[in-house]
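heads up, no residue letters with this:
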DNA sequence: AAGGCGAGTATTGAATGCAAAATGAGTCCA
DNA sequence: TGGACTCATTTTGCATTCAATACTCGCCTT
């Protein structure tokens, strides 16, 4: 009978909110990004149906969509699992994202509108505050927002969609790897450089800085993954 | 009662063949790419169910997946349509693809294996034959295969998936715009240059040539779209 | 005691049924 | 004649049901 449960607020976000399966896609993606469903975890359709108070039909539709986006793995007749963390794939994601970051650098300088620039300055300032306060959680969120804004400023929706998807796939990892405060400081230094280049309208410089920033972040993430694995197998 | 219809061979392709909805995704994508379902056409669930001999459940799952891939537009409560051709979006696809082409150029030289190189040479030769025979249909297919091989040679599956998706979205257009023989010749000249750079292992040169090739192709497609639109509204 | 084997259970995949929304035709009124 | 309204039909979205496959656990054999 599927009682109504409005307390299941979660993160009511974005599009598709009019259809049930659209809402489930959003909520489930939230669960995946928040780390509530950890990588590799088996996904029980019945559990999720209860949690979202929907029947299996819209839930399964949502699973197919998230699988197409790379967040879930469907194993025919054997259920679904949250996409496991594969260091090789992560490396590929970062490498590919590098090419996009470069284009974002080249385009954002030319296409950004005043409101984009204002928002970037604002987010960058907040980012600085999060860094001085040594708040990795806030920093991660703002960092995500900063790069999203920059990507948006490039004025190419096709690019933006792919970029956001890749970012989200990476974001999932932040609960798997312990945040590193050194990397946080270094990251902000790079962000300062990025903003300098952006303000100056130095396209190539900005592109290179973004590519490098991406590369270093990727290395840090992969190192954290390795360290953690080593710790696990060592203990 | 959903009779079996093995004559519905279509293009039996790839993964997900074990589940019904996976098969439908493949077949339906084939229909979209082959132009059988033209851009903007309304999609009748009942029709497709009859055509594929499946019930609405797996069909609707397939529609959701193809919508996530950008081939279909879902309008809540109002059915689905084949993604209409939007020149602005096409331009964005080409622009974004340019960044990927560049990376393909940079990586493929370093990572391609002997079999990749052999296959590229073979396809390139066939491409030359299609050009001399003035066969645009064969040329388009081989061109698709060529760029797919090159992208694969870059050795990054994440890149490859996004790249193939973008290529397919563009491929849909070839039935909307009339093939231009001049562009075909020019395209092959560019391909010759691409192969020269590839054989020489000239990373940057190859990257630039691929980017330029993409840019020119995009311009030709957009011009064809404009011309056609002008013709339509003019007549 | 370890490794297969098989019945019972749980879970997935697909078809059917049902309610709500949208579409379209026909009618009425200005 | 044109436009808005009503009601029947179609179509969509979701829940439920049914069938098939995979898993679990106890039993048997060696």
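Arrived safely, thanks for sending. These figures come from a predicted structure and were not determined experimentally.

CA only for contacts and neighbour counts going forward, please
Fine.

List the buried residues for the helix or strand bottoming out on mean pLDDT in chain A?
For chain A, the helix or strand with the lowest mean confidence is helix A:203-234, at a mean of 89 (criterion: mean pLDDT, DSSP states H and E). For helix A:203-234, the neighbour count (16 or more other C-alpha atoms under 10 Å in any protein chain shown) marks A:203-218, A:220-222, A:224-225 as buried.

just checking, what packs against that helix?
With contacts defined as 3 or more C-alpha pairs under 8 Å, 6 or more residues apart in numbering or on different chains; DSSP states H and E, helix A:203-234 has these neighbours: helix A:87-111, helix A:181-200.

Quick check: residue A:179 touching residue A:135?
No: using C-alpha atoms under 8 Å, residue A:179 is not in contact with residue A:135, being 10.2 Å away.

For chain A, what lies in contact range of chain B?
Contact residues, chain A versus chain B (C-alpha under 8 Å from any C-alpha of the partner chain): A:16, A:18-19, A:57, A:60-61, A:64-65, A:68-69, A:76, A:89, A:92-93, A:96, A:99-100, A:102-103, A:156-159, A:162.

What's the ChimeraX line that selects buried ones from the residues you listed?
Those of the residues of chain A next to chain B that count as buried under 16+ other C-alpha under 10 Å are selected in ChimeraX with:
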select /A:16,60,61,64,65,68,69,92,93,96,99,100,102,103,156,157,158,159,162
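
any idea how far the most centrally placed residue in chain A is from residue A:24?
By C-alpha atoms, centre = their mean, the mean C-alpha position of chain A lies nearest to residue A:168, the distance being 2.3 Å. Separation of residue A:168 from residue A:24 (C-alpha to C-alpha, to the nearest Å) stands at 17 Å.

Also residue A:76?
To residue A:24, residue A:76 is 21 Å away according to C-alpha to C-alpha.

swap in residue A:106?
Distance, residue A:106 to residue A:24, using C-alpha to C-alpha: 36 Å.

between these two, which one's more packed in?
residue A:24 (25 against 22; other C-alpha atoms under 10 Å in any protein chain shown).

Okay, now the unreliable bits of chain A?
A:1-15, A:178, A:231-235 (pLDDT under 70).

In contact with the nearest residue to residue A:111 once chain neighbours are set aside, which residues?
Here the nearest residue to residue A:111 in space, its sequence neighbours aside, is residue A:154; by C-alpha to C-alpha, 6 or more residues apart in numbering or on different chains that works out to 5.8 Å. Going by C-alpha atoms under 8 Å, 6 or more residues apart in numbering or on different chains, residue A:154 touches A:104, A:105, A:107, A:108, A:109, A:110, A:111, A:112.

ok, the fifth one - contacts?
Going by C-alpha under 8 Å, 6+ apart, residue A:109 touches A:154, A:198, A:201, A:202, A:203.

One more: the fourth one?
Listed by C-alpha under 8 Å, 6+ apart, the contact set of residue A:108 reads A:150, A:151, A:152, A:153, A:154, A:155.

Within range of DNA strand D, give me the residues from chain A.
Applying C-alpha under 7 Å from any atom of the strand, we find that chain A lies next to DNA strand D at A:1-2, A:19-22, A:53-58, A:77-78.

Which ones among these lie within helices?
Among the residues of chain A next to DNA strand D, DSSP state H puts A:20, A:21, A:22, A:56, A:57, A:58 in helices.

filter these down to the ones close to DNA strand C.
Okay, of these touching DNA strand C (C-alpha under 7 Å from any atom of the strand), that's A:56, A:57.

Which two among the ones in helices among the residues of chain A next to DNA strand D are spaced furthest apart?
A:22 and A:56 (13.6 Å; C-alpha to C-alpha).

Show me which of those two is the more surrounded one.
With neighbours defined as other C-alpha under 10 Å, residue A:22 and residue A:56 compare such that residue A:22 has more, 21 against 15.

so the more buried one sits right up against residue A:54, yeah?
No: with contact defined as C-alpha under 8 Å, residue A:22 does not reach residue A:54; the gap is 11.8 Å.

Return the residues in contact with residue A:45.
In this structure, residue A:45 makes contact with A:56, A:59, A:60, judged by C-alpha under 8 Å, 6+ apart.

how about a cut-off of 10 Å?
A:51, A:55, A:56, A:59, A:60, A:63, A:79, A:80 (C-alpha atoms under 10 Å, 6 or more residues apart in numbering or on different chains).

same check, this time on residue A:160
Neighbouring residues of residue A:160 by C-alpha under 10 Å, 6+ apart: A:100, A:104, A:148, A:149, A:150, A:151, A:152, A:153, A:154, A:166, B:96.

Let's verify residue A:73: helix, strand, or coil?
strand (DSSP: H, G, I helix; E, B strand; the rest coil).

Can you give me the separation between it and residue A:42?
10 Å.

Equivalent analysis for residue A:229, please.
For residue A:229, the distance to residue A:42 equals 21 Å [C-alpha to C-alpha].

do the same with residue A:35
13 Å.

ditto for residue A:78
In terms of C-alpha to C-alpha, residue A:78 sits 10 Å off from residue A:42.

who's more crowded, the two?
Neighbours of residue A:78 and residue A:42, each counted by other C-alpha under 10 Å, are more numerous for residue A:42; the result is 16 against 8.

Beta-bridge partners for the residue nearest to that one when sequence neighbours are not counted, please?
Counting by C-alpha to C-alpha, 6+ apart, residue A:42 lies nearest to residue A:81, which is 4.4 Å off, once chain neighbours are set aside. With DSSP bridges applied, residue A:81 shows beta-bridge pairing to residue A:42, residue A:73.

so residue A:81 touches residue A:37, yeah?
Yes: applying C-alpha atoms under 10 Å, one finds residue A:81 in contact with residue A:37, separated by 9.5 Å.

Need the overlap of contacts for the two.
residue A:43.

Near residue A:141, how many other residues are there?
Residue A:141: 13 surrounding residues under other C-alpha under 10 Å.

picking that back up, got TSV for the contacts of residue A:154, with distance to DNA strand C too?
Converted to TSV, these look like this (distance: C-alpha to the nearest atom of the strand, whole Å):
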residue	distance to DNA strand C
A:104	38
A:105	42
A:107	38
A:108	38
A:109	41
A:110	40
A:111	36
A:112	36
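
Of those, just the buried ones, PyMOL syntax please.
Restricted to buried positions by 16+ other C-alpha under 10 Å, the PyMOL selection for these reads:
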select buried, chain A and resi 104+105+107+108+109+112
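
Closest to residue A:172 out of the contacts of residue A:154?
residue A:104 (22.4 Å).

residues touching that closest one, list them.
Residue A:104 touches A:98, A:111, A:147, A:150-156, A:159-160, A:163, A:203, A:206-207, A:210-211, B:96, B:99, counting by C-alpha under 10 Å, 6+ apart.

for residue A:204, same thing?
Counted by C-alpha under 10 Å, 6+ apart, residue A:204 has contacts A:102, A:103, A:105, A:106, A:107, A:109, A:197, A:210.

Which residues of chain A lie near DNA strand C?
A:43-46, A:56-57, A:74-80.

Could you list the domains of chain A?
A:20-82, A:87-234 (automatic domain parsing).
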